[in-house]
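> Below is the sequence, then the predicted model.
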Amino acid sequence: MVRYFLQQFRITLHATIAATVFAAIYCGAPAGNAQCQDADLLIRHAKIVTMDDHDRIAETMAVRDGKILAVGTEAELSGCTSKHTAVIDLKGRTILPGLIDVHTHALDWAKHASRGEIEIGYQDIRSIAEIVERVRRRAGTIRPGEWILGTGWDEDKLREHRYMSRANLDAVSPDNPVYLGHRTGHLAVVNTSALRLAKITRATPDPQGGVIEKDATGEPTGILKDNAMGLVTHLLPPDPPELEVEAVKYVSEQALESGLTTIHNISLDPGGMHAYQEARRRGWLKVRVQMVPLVSSVLDAERLAATGLYTGFGDDRLKLGAVKMFADGGMGARTIAIYPPELKGEANPLGLLVWKSEDMQKAHHLLAGAGWQLVTHAIGDRAIDQVLDSYAAVIRDLKLKDARFRIAHSGLSTPAIQKRMRELGVIADGNPAFVYWIGSYFARYGPERARWAYPAKSCLENGVVEAAGSDVDVTPMSPWWGIWAAVTRREAQSGKVLAPEERIGVRDALRLYTRNGAYDGFEERQKGSLEAGKFADFIVVDRDVLTVPADELKDVVVLETFVGGELVYEKAVPR
């Protein structure tokens, strides 16, 4: 295992002495300083939203060797150019720092498309009957025994407003096992053929952290939640290596088109990490990536800690980020771990905890002691408290000063939880786009919990650092949905504004995807704002995001994306 991981992570480190010297010379150098000369690139006549400490707006920016030399006025940067400098006149266009998504499942999302899975997302699908019809058509084109895969269904967007069952699928696919993943990734529906292959019967017990849903007679319905999905997923046909590498290329292209210059890819397995490295070797990886492996047991934690690898290993393009664990389930699966009152009508009315508390704390100790940043999925308030208890013990026992442990989602963040997070320095990896795309789930947990579902304004006011992620493919990869939703908090189904007191302004929304995203990944000295000495990662957009009506934020179009001063995406329209 150690040898395998070391082979997977042979990435050249580029944190050289030269880079350190460069930063010492230029970081903080006043605009117009004589040292600003021989720029590779000069951006002129732009509205540059720097997102620096003073929220400065500049008009000119000079770049050399992939980093920003200076930002200021035309006059201040007049001495930065030479005959070798490329000059771009943006004619008043708006520039922003490259955006950062701290929580994606981007590779899995891209692989769904690459596999040719049937599309059953609610943009196209409005009923269970339509899903069943797509399964029937696929079954008619393949041989008996071949798997039928699909993803993206969401019962709240279907006319029936209920889960599917194996009975829905058996009639149209008796000879082909079927696995249809839910939009949230926390449950799936399978048919009888798949249950038989997995040897799941009425006598099969729920695994730790999972639920095999059963009907009134005790028979499995075909719904598998959280860790119970693993009883079937290990039987699915493996992806060919080339498919994963091609999927990484697609991830990079789609990220850059939406204005993302850095993403964190969560829950990667060794094959996924190898695919990222291979895409990097081929020159296909243009977006910066932090790879986040998944730990699901104490044994996993022991093995990963034993490799000698830890957060930060890699280079400026591809590196190891945090390590991921799950504390509870998802709202769509109705498995988030909550305090009373109970969620009525559920077999697990208080949700589920994936880990025993003592095992979670042991795994956290092992990983943090080995140098890993921790990020733990927790949505329900009971799960968040379990994670904070564990984090507090690890921080105390290991005497950590700047751990920056993270809670992925931090969904039901009450004032008491926010206070604990601030005191421990724990970061909320929030999901503002959830309010729009899956905000209909909030109401089933009651008005008090809905009030504190995915808050942003109160986190800001209570001193909790919040970064933002799409959790693609729970919501689209484009960060503009999240920026818009943070400002408006409008829900898709009803059009209602959810917890309007949690709305934030556009600058604060941008901060979730820039400065805070950089801080989240220990990269605030390299990115997150447009300042001398930082990477020249920036985007050109089609409108002034600081002044347009709020509803236009979701429609922002990225015209150009630069990573390290290199133009890596350009929309095919005149500037």
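Received the coordinates, thanks.
> where does residue 210 fall, phi/psi-wise?
The phi and psi values for residue 210, taken as degrees, to the nearest 10, are phi -150, psi 170.
> same check, this time on residue 118
phi -70, psi 140.
> show me what contacts it?
134, 135, 138, 148, 149, 150 (C-beta atoms under 8 Å, 6 or more residues apart in numbering). For every residue, glycine as well, the C-beta is placed using N, CA and C.
> Can you name the residues bridging to it?
Bridge pairing for residue 118 (DSSP bridges) gives the partners residue 150.
> Residue 48: neighbour count?
Neighbour count of residue 48, defined by other C-beta atoms under 10 Å: 22.
> Just confirm it is within a strand.
Yes: assessed with DSSP: H, G, I helix; E, B strand; the rest coil, residue 48 lies in a strand.
> My guess is it contacts residue 63. True?
No: with contact defined as C-beta atoms under 8 Å, residue 48 does not reach residue 63; the gap is 12.0 Å.
> Show me the strands in the stretch 101-250 of the chain, by range?
Using DSSP state E, counting those that start in this stretch, the strands of the stretch 101-250 of the chain run over 118-119, 148-153, 178-182, 187-190, 210-214, 220-226.
> Give me the sheet partners of the last one and which way each runs.
When you say that, I think you mean strand 220-226. According to DSSP bridges, strand 220-226 forms sheet pairs with strand 187-190 (antiparallel), strand 210-214 (antiparallel).
> okay, those strands, which one's buried deepest?
Most buried of the strands paired with strand 220-226, by mean neighbour count (mean count of other C-beta atoms under 10 Å): strand 187-190, with a mean of 27.
> Need the residues that contact that strand.
Residues from elsewhere that reach strand 187-190, judged by C-beta under 8 Å, 6+ apart: 153, 163-166, 168-169, 177-182, 198, 222-226, 229, 232, 330, 332-333, 335.
> Dump the strands paired with strand 220-226 to TSV, plus mean pLDDT and distance to residue 307.
Listed next are the strands paired with strand 220-226 as TSV, based on pLDDT from 0 to 100; distance: least, C-beta to C-beta, whole Å:
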stretch	mean pLDDT	distance to residue 307
strand 187-190	98	31
strand 210-214	96	27
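> Could you spell out the sheet neighbours of the longest strand along the chain, each with its direction?
As assigned by DSSP state E, the longest strand anywhere in the chain is strand 260-268. Paired with strand 260-268 in the same sheet, following DSSP bridges, are strand 99-104 (parallel), strand 288-293 (parallel).
> Hey, what's the angle from the helix or strand that it is followed by to strand 288-293? Just curious.
Following strand 260-268 in sequence order, the next helix or strand is helix 270-281 (DSSP states H and E). Interaxial angle of helix 270-281 relative to strand 288-293 (axes from the mean of the first three to the mean of the last three C-alpha atoms, to 10 degrees): 160 degrees.
> per-residue pLDDT, the nearest residue to residue 355 once chain neighbours are set aside?
Computed as C-beta to C-beta, 6 or more residues apart in numbering, the closest residue to residue 355 that is not its neighbour in sequence is residue 327, at 6.5 Å. Here the pLDDT value assigned to residue 327 is 98.
> Quick one, which of the strands paired with strand 220-226 gets closest to residue 246.
Nearest to residue 246, of all the strands paired with strand 220-226, is strand 187-190, at 24.5 Å by C-beta to C-beta.
> Domains in the protein, by residue range?
19-92+530-575, 116-233, 241-522 (automatic domain parsing).
> wait, which of the ones you listed is closest to residue 106?
Nearest to residue 106 among the domains of the chain is domain 241-522; the distance by C-beta to C-beta comes to 4.4 Å.
> roughly how far is that closest one from the heart of the chain?
7 Å (C-alpha atoms, centre = their mean, to the nearest Å).
> check contacts around residue 372.
Going by C-beta under 8 Å, 6+ apart, residue 372 touches 304, 305, 310, 311, 322, 323.
> among those residues, which are in strands?
residue 323.
> Farthest pair within the contacts of residue 372?
Based on C-beta to C-beta, the longest span within the contacts of residue 372 runs between 305 and 322 and measures 13.9 Å.
> Identify the residues contacting stretch 431-440?
Here stretch 431-440 makes contact (C-beta under 8 Å, 6+ apart) with 103, 154, 156, 183-184, 331-332, 409, 411, 453-454, 456, 468-471, 474-476, 481-486, 489-494, 498, 509, 512.
> can you tell me which of these are in helices?
Among the contacts of stretch 431-440, the members found in helices (DSSP state H) are 481, 482, 483, 484, 485, 486, 509, 512.
> Below-threshold pLDDT in the chain: ranges please.
1-34, 573-575 (pLDDT under 70).
> For it, identify the residue most remote from the centre.
Within the chain, the residue lying farthest from the chain centre (C-alpha atoms, centre = their mean) is residue 83, at 42.3 Å.
> how much space between that residue and residue 70?
Distance of residue 83 to residue 70, given as C-beta to C-beta, to the nearest Å: 19 Å.
> if we can go back for a sec, tally up the residues packed near the residue nearest to residue 355, please.
Neighbourhood size, residue 327 [other C-beta under 10 Å]: 28.
> before we move on, what about residue 365?
Residue 365 has 17 neighbouring residues, counting by other C-beta under 10 Å.
> That one: what secondary structure?
Classified using three-state DSSP, residue 365 is helix.
> Ok, residue 562 next?
Recorded secondary structure, residue 562: strand (three-state DSSP).
> Specify the beta-bridge partners of the residue lying closest to it once chain neighbours are set aside.
For residue 562, ignoring the flanking residues on the chain, the nearest one in space by C-beta to C-beta, 6+ apart is residue 538 at 5.3 Å. Here residue 538 sits in beta bridges with residue 97, residue 562, going by DSSP bridges.
> what's residue 538 in contact with, if anything?
By C-beta under 8 Å, 6+ apart, residue 538 lies in contact with 61, 95, 96, 97, 98, 261, 530, 561, 562.
> For residue 558, see how far away the third one is.
By that I understand residue 96. Separation of residue 96 from residue 558 (C-beta to C-beta): 9 Å.
> okay, and the common contacts of the two?
Joint contacts of residue 96 and residue 558 (C-beta under 8 Å, 6+ apart) are 259, 539, 541.
> ok, back up a step: for PyMOL, write the select line for the buried members of the contacts of stretch 431-440.
Remark: buried members of the contacts of stretch 431-440, expressed as a PyMOL selection using 16 or more other C-beta atoms under 10 Å:
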select buried, resi 103+154+156+183+184+331+332+409+411+453+454+456+468+469+470+471+474+475+476+481+482+483+484+485+486+489+490+491+492+498+509+512
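> on that earlier part again, any chance of the contacts of residue 372 in CSV, plus neighbour count and distance to residue 236?
Converted to CSV, the contacts of residue 372 look like this (neighbours: other C-beta atoms under 10 Å; distance: C-beta to C-beta, whole Å):
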residue, neighbour count, distance to residue 236
304, 22, 24
305, 21, 29
310, 17, 31
311, 22, 30
322, 28, 27
323, 27, 25
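> Which member of the contacts of residue 372 is positioned nearest residue 41?
residue 311 (31.8 Å).
> rewinding a little: buried residues in the longest strand of the chain?
Judged by neighbour count (16+ other C-beta under 10 Å), strand 260-268 contains these buried residues: 260, 261, 262, 263, 264, 265, 266, 267, 268.
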